[in-house]
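Colleague: what follows is a predicted protein model with its sequence.
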Amino acid sequence: MLVLKDNFSTFIDSNRITSNFDFMSTSVPPQKKPVAKPELTAAHKKWNSAVRVLKYFFLSFIILTILEIGIAYWLVSSRWHLLLSHEEMKFYASEVEKAERPPENFMRVYSAIFPNHTNTTLTQQIFVNYTSRFLLRHTELDDKPHCFCDMTYDIQKKIFPELNDIEWDGRLQDLEYGFGMEKYTTPEKCFYYVMQYRIPDLMRQLNSKRYSHIKDKSIAEMNDEEVLELILLLKSRSRYNRHKNPEKFEKALAHYKEKLQAAELKVD
């Protein structure tokens with residue numbers, strides 16, 4: 001009886017050990033050995049090095065280009081002060097401030113054809129207009145930002161002869177003068193000022209017989225089609241001459257009529 005009891009105890013103890021071993025073996029999964037990464041060949045190393053160099057090159061190129069553009073913009077926009085004092089520029093700008101707004105029918109039609117002309121700054125013109133023209137090769141300029149402050153220079157040179165005595169180096173004197181003008185007046189006033197001189201100057205050059213429908217009226221009395229023709233003549237008197245280039249004139253007039261109608265539909 002004692003022998004059977006001892007054998008039974010031994011059997012239970014052996015079962016406990018086996019079950020504990022099975023539990024430990026199932027609870028801890030076998031770990032996989034890490035797979036060694038394949039070593040890069042000499043060709044791969046050279047390729048990675050070349051890609052890294054190209055990344056640094058293009059990043060440096062972009063940074064240097066931005067710096068050069070920023071410096072060039074600062075030089076052009078501030079150089080007027082080297083040639084004119086603030087008091088002198090304030091005086092010339094005060095003449096621009098006196099310009100009266102063109103009649104409402106002209107402004108309504110002109111703004112529909114050129115939506116980004118009357119309130120555009122020179123900064124917008126340089127970075128938006130010139131970029132799209134030179135980089136993107138856009139030739140349609142009607143919708144591009146355009147500022148008239150640089151155009152005040154040619155007008156004021158005729159009125160104030162002392163401006164002709166200033167020796168501007170380079171070919172950007174009108175642009176540099178425009179930045180100075182913009183400091184003491186607004187692009188909208190510059191537009192009014194330029195139109196104040198350009199429209200009467202155009203009227204003097206038009207043939208009285210051929211353009212009696214325009215010359216014999218004030219702008220406020222013109223209908224939309226007559227204002228459109230006036231705008232085309234301001235853009236190019238020779239190209240859009242209804243008598244010399246009737247096809248080009250009719251095509252441009254029809255295009256501007258469509259733009260005017262589209263602009264009015266948007267407002268409605």
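Modeller: Perfect, I can see it now.

Colleague: quick one, longest helix in this protein?
Modeller: Across the chain, the longest stretch assigned as helix under DSSP state H is helix 42-78.

Colleague: what is that one packed up against?
Modeller: Applying 3 or more CB pairs under 8 Å, 6 or more residues apart in numbering; DSSP states H and E, one finds that helix 42-78 contacts helix 122-124, helix 173-184. Using the backbone N, CA and C atoms, a C-beta is placed for each residue, glycine as well.

Colleague: right, so those helices: which one is the most enclosed?
Modeller: Greatest average neighbour count among the helices and strands packed on helix 42-78 goes to helix 173-184 (a mean of 22), per mean count of other CB atoms under 10 Å.

Colleague: by how many degrees do the helix or strand following it and helix 173-184 diverge?
Modeller: Downstream of helix 173-184, the next assigned helix or strand under DSSP states H and E is helix 187-205. Interaxial angle, helix 187-205 versus helix 173-184 (axes from the mean of the first three to the mean of the last three CA atoms, to 10 degrees): 130 degrees.

Colleague: quick check: next helix or strand after helix 187-205?
Modeller: helix 212-215.

Colleague: and whatever helix or strand comes next after that next one, C-alpha only, in CSV?
Modeller: Later in the chain than helix 212-215, the nearest helix or strand by DSSP H and E is helix 224-235. Taking Å, rounded to 0.1, in the frame of the first residue of the first chain, the C-alpha atoms of helix 224-235 are listed here in CSV:
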residue,chain,number,x,y,z
ASP,A,224,-19.9,101.4,-74.4
GLU,A,225,-18.8,100.7,-77.9
GLU,A,226,-17.2,104.1,-78.3
VAL,A,227,-15.4,103.8,-75.0
LEU,A,228,-14.1,100.4,-76.1
GLU,A,229,-12.8,101.9,-79.3
LEU,A,230,-11.1,104.7,-77.3
ILE,A,231,-9.5,102.0,-75.0
LEU,A,232,-8.2,100.1,-78.1
LEU,A,233,-6.7,103.3,-79.5
LEU,A,234,-5.0,104.0,-76.2
LYS,A,235,-3.6,100.5,-76.3
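
Colleague: re earlier: quick one: the longest helix of the chain to chain centroid distance?
Modeller: 22 Å (CA atoms, centre = their mean, to the nearest Å).

Colleague: and it, which residues are buried?
Modeller: By neighbour count on 16 or more other CB atoms under 10 Å, the buried set for helix 42-78 is 76-77.

Colleague: so that helix versus helix 173-184, what angle?
Modeller: 70 degrees.

Colleague: so which of the helices and strands packed on helix 42-78 is nearest residue 78?
Modeller: Closest to residue 78 of these is helix 173-184 (CB to CB; 7.3 Å).

Colleague: the closest one - contacts with which helices or strands?
Modeller: helix 42-78, helix 86-97, helix 122-124, helix 152-159, helix 187-205.

Colleague: which residues does the following helix or strand past the second one contact?
Modeller: Which is helix 86-97. Sequence-wise, the next helix or strand downstream of helix 86-97 (DSSP H and E) is helix 104-113. With CB atoms under 8 Å, 6 or more residues apart in numbering as the test, helix 104-113 has contacts from 101-102, 117-118, 142, 219-220, 222, 224, 227-228, 230-231, 256, 259-260, 263-264.

Colleague: narrow the residues you listed to just the buried residues.
Modeller: Applying 16+ other CB under 10 Å to the contacts of helix 104-113 flags 102, 117-118, 219, 222, 224, 227-228, 230-231, 256, 259-260, 263 as buried.

Colleague: could I get the helices and strands packed on helix 173-184 as JSON lines with mean pLDDT?
Modeller: Shown next, in JSON lines, are the helices and strands packed on helix 173-184 (pLDDT from 0 to 100):
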{"stretch": "helix 42-78", "mean pLDDT": "81"}
{"stretch": "helix 86-97", "mean pLDDT": "96"}
{"stretch": "helix 122-124", "mean pLDDT": "89"}
{"stretch": "helix 152-159", "mean pLDDT": "95"}
{"stretch": "helix 187-205", "mean pLDDT": "95"}
